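>>> Structure for the following, please:
(chains A and B)
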Protein chains: 2
Amino acid sequence: MAPPQLLVFDVFGTVVDWHGSIAAEMARLYPQVDSNAFALAWRAGYKPTMARVMSGELGWTRIDDLHRMILDDILPGFGLSNMPENERRSLNRVWHRLHPWPDVVAGLARLKRQHLISTLSNGNIGLLTHMAKHAGLPWDCVLSAEVFRAYKPDARVYLGAADLFDLQPGQVMLVAAHQDDLAAARASGLQTAYIERPFEFGAQQPKDVSPHPDNTLHARDFGHLADQLDAHRLA
Amino acid sequence: MAPPQLLVFDVFGTVVDWHGSIAAEMARLYPQVDSNAFALAWRAGYKPTMARVMSGELGWTRIDDLHRMILDDILPGFGLSNMPENERRSLNRVWHRLHPWPDVVAGLARLKRQHLISTLSNGNIGLLTHMAKHAGLPWDCVLSAEVFRAYKPDARVYLGAADLFDLQPGQVMLVAAHQDDLAAARASGLQTAYIERPFEFGAQQPKDVSPHPDNTLHARDFGHLADQLDAHRLA
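Here you go, the predicted structure:
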């Protein structure tokens, strides 16, 4: 394993706990709603809506706007059809305020000492920047699908990140909690590190976090990833 | 004056001392060369070379590559035609290692408490990210002409920065040591803050830093800018 020069991070689910953050905000603001089901429904609209952009059915659209389209779609099913515009706008910004997993801030600080660290998310630049400020995420750079006008798993996103830093794909490592994202990055020649986030979909819906042999590394959390990268570097 | 939500910073000359950094590196590595003249010659190639990109004569080209083209052009005039490829590559990366002016790191830390702070430079993302890491610049976001595929003073750069954050142009302030950059930003509706960098071109070539009445603010340095923004916010 050649040491990666640049670590790029998936964000939703890998860095931040979207399910827990959205469910907590819903429980606080709209206690009559099933907050677990609401968080899952909002996120479930994500991939199909991005697919409408990538198919050309919709023009290029920011995730902030896709989140809002999905929100408007799901509100009636939760008895919230009458939510006023200002509340919809404010609620949609919950994606800017998602909480990091407990290991993330300290783990990124460690990883940053030896590597360039950047987001590589389908979230838009404004969203990712607000999130970083809110959560104290010490990115060296905020890279987004928005820069490449293509959503992951499109190869342009992975290859574009390497190209911006004048690196070969094999000098870049994608860090993610999703095997499909990692598989697409590997197909473009990136190294990959899987992070276990067993409760990404909430405590009631634990997900399979078993290792995939094709990943370069498999880590319980960002601290464990830093341990492994340190061990390789010092070996 | 409405308080700006986002401060975007010109970088070369405003945040970092390109003249002093390049002259120091040249004096160390090639003491036989007039390091002041060398720094000025390298920088003088910058605007004409960007103009070749914006006119369409050259396709989209990163500043790293423009810096290299200019370097190759000027080396013979300084008796360095025989500089080997690896030295040229290393020297070209001096732009990634430019030193900040003395007020910058503490000033940005203050400004970051109340504002989103981002680069808005013609430098490419890789260059700006390496520079930030090297110099300890605590950007919330690294924005570059590279994102918009246009160089300042093209309006797409100023308007593009506002748009990425879903802001009106008047909610964004450009901070720069160059009146032409600020004038173009004002023409797009941004607020502007001029920063005095009298020795941008070296101690031997002090530049005029007198106030222009159309700028929103005029500051000696980043600390003085933070003082003025604090005063407006608390007024």
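
>>> Identify each buried residue in the lowest-mean-pLDDT helix or strand in chain A, please.
Lowest by mean pLDDT, DSSP states H and E among the helices and strands of chain A is helix A:46-54, with a mean of 92. Using 16 or more other Cβ atoms under 10 Å in any protein chain shown as the test for burial, helix A:46-54 gives A:46, A:49-50, A:53. (C-beta placed from N, C-alpha, C; glycine too.)

>>> repeat for stretch A:200-210
A:200-202, A:209.

>>> Now the two most distant members of those residues.
Spanning the widest gap among the buried residues of stretch A:200-210 are A:G202 and A:V209, at 14.4 Å by Cβ to Cβ.

>>> Give the full set of residues in contact with the closest residue to A:L217 other than its chain neighbours.
Nearest residue to A:L217 in three dimensions, chain neighbours excluded: A:A193, at 4.1 Å (Cβ to Cβ, 6 or more residues apart in numbering or on different chains). A:A193 makes contact with A:7, A:173-176, A:182, A:215-219, A:225, according to Cβ atoms under 8 Å, 6 or more residues apart in numbering or on different chains.

>>> now do A:A219
Shown in contact with A:A219 (Cβ under 8 Å, 6+ apart): A:193-196, A:225, A:227-228.

>>> With distance to A:R97, pLDDT and secondary structure as new columns, can these be given to me in TSV?
Below are the contacts of A:A219 laid out as TSV (distance: Cβ to Cβ, whole Å; pLDDT from 0 to 100; DSSP: H, G, I helix; E, B strand; the rest coil):
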residue	distance to A:R97	pLDDT	secondary structure
A:A193	26	98	strand
A:Y194	26	98	strand
A:I195	21	98	strand
A:E196	24	98	coil
A:L225	25	98	helix
A:D227	30	98	helix
A:Q228	31	97	helix
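
>>> quick one: which of those is nearest to B:L58?
For these, the nearest to B:L58 is A:A193 (38.2 Å; Cβ to Cβ).

>>> how much space between the closest one and chain B?
The spacing between A:A193 and chain B, counted by Cβ to the nearest Cβ, to the nearest Å, is 20 Å.

>>> same deal with A:W101?
21 Å.

>>> my read: that residue touches A:W18, true?
No - in this structure, A:W101 is not within contact of A:W18 by Cβ atoms under 8 Å, at 10.7 Å.

>>> hang on, the earlier thing: out of the contacts of A:A219, flag the one nearest to chain B.
Ranked by distance to chain B (Cβ to the nearest Cβ), these are led by A:L225 at 19.2 Å.

>>> domains for chain A, by residue range?
A:6-17+A:98-234, A:18-96 (automatic domain parsing).

>>> mind listing the strands in chain A by residue range?
With strands called from DSSP state E, chain A shows them at A:6-9, A:116-121, A:141-144, A:172-176, A:191-195, A:217-219.

>>> any chance of these in CSV, plus distance to B:L40?
Output for the strands of chain A, formatted as CSV (distance: least, Cβ to Cβ, whole Å):
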stretch, distance to B:L40
strand A:6-9, 33
strand A:116-121, 31
strand A:141-144, 30
strand A:172-176, 37
strand A:191-195, 43
strand A:217-219, 48
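
>>> just to revisit the earlier point, nearest to chain B among the buried residues of helix A:46-54?
Distance to chain B, by Cβ to the nearest Cβ, is smallest for A:V53 among the buried residues of helix A:46-54, at 17.2 Å.

>>> Spell out whether stretch A:2-21 and chain B are in contact.
No - Stretch A:2-21 lies apart from chain B when judged by Cβ under 8 Å from any Cβ of the partner chain; the minimum separation is 9.2 Å.

>>> quick revisit: could you say which one of the domains of chain A comes nearest to B:W95?
Within these, the stretch nearest B:W95 is domain A:6-17+A:98-234; the backing value is 12.9 Å (Cβ to Cβ).

>>> That closest one spans what distance, first to last residue?
By Cα to Cα, to the nearest Å, the extent of domain A:6-17+A:98-234 from end to end equals 18 Å.

>>> Thought A:R68 was touching A:T49, still the case?
No - assessed by Cβ under 8 Å, A:T49 is found out of contact with A:R68, at 10.3 Å.

>>> and the buried residues of stretch A:200-210 as CSV, adding pLDDT and distance to chain B?
Formatted as CSV, the buried residues of stretch A:200-210 follow (pLDDT from 0 to 100; distance: Cβ to the nearest Cβ, whole Å):
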residue, pLDDT, distance to chain B
A:E200, 98, 26
A:F201, 98, 29
A:G202, 97, 29
A:V209, 98, 31
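
>>> Which of those sits closest to B:V147?
Within the buried residues of stretch A:200-210, the smallest distance to B:V147 is 29.8 Å, found for A:E200 (Cβ to Cβ).

>>> and that closest one, what does it touch?
Taking Cβ under 8 Å, 6+ apart, we find A:E200 in contact with A:13, A:17-19, A:177, A:207.

>>> just A:M54 next, same as before
A:M54 sits next to A:150-151, A:154 when contact means Cβ under 8 Å, 6+ apart.

>>> most neighbours, which of those residues?
Most neighbours among those, by other Cβ atoms under 10 Å in any protein chain shown: A:Y151, with 23 neighbours.

>>> what pLDDT does that residue get?
For A:Y151, the model assigns a pLDDT of 95.

>>> And the helices in chain A?
Assigned helices in chain A, in chain order: A:18-29, A:35-44, A:46-54, A:63-74, A:85-92, A:104-114, A:125-135, A:145-148, A:155-164, A:179-187, A:222-234 (criterion: DSSP state H).

>>> got a list of what A:K207 touches?
When contacts are counted by Cβ under 8 Å, 6+ apart, A:K207 touches A:197-201.

>>> Now flag whichever of those is closest to B:F38.
B:F38 lies nearest to A:R197 out of the contacts of A:K207, by Cβ to Cβ, at 51.9 Å.

>>> Make sure A:H115 is actually in contact with A:Q5.
Yes - between A:H115 and A:Q5 there is a contact under Cβ under 8 Å: 7.1 Å.

>>> The two - which one has more neighbours?
More crowded of A:H115 and A:Q5, by other Cβ under 10 Å: A:H115, with 20 against 16.
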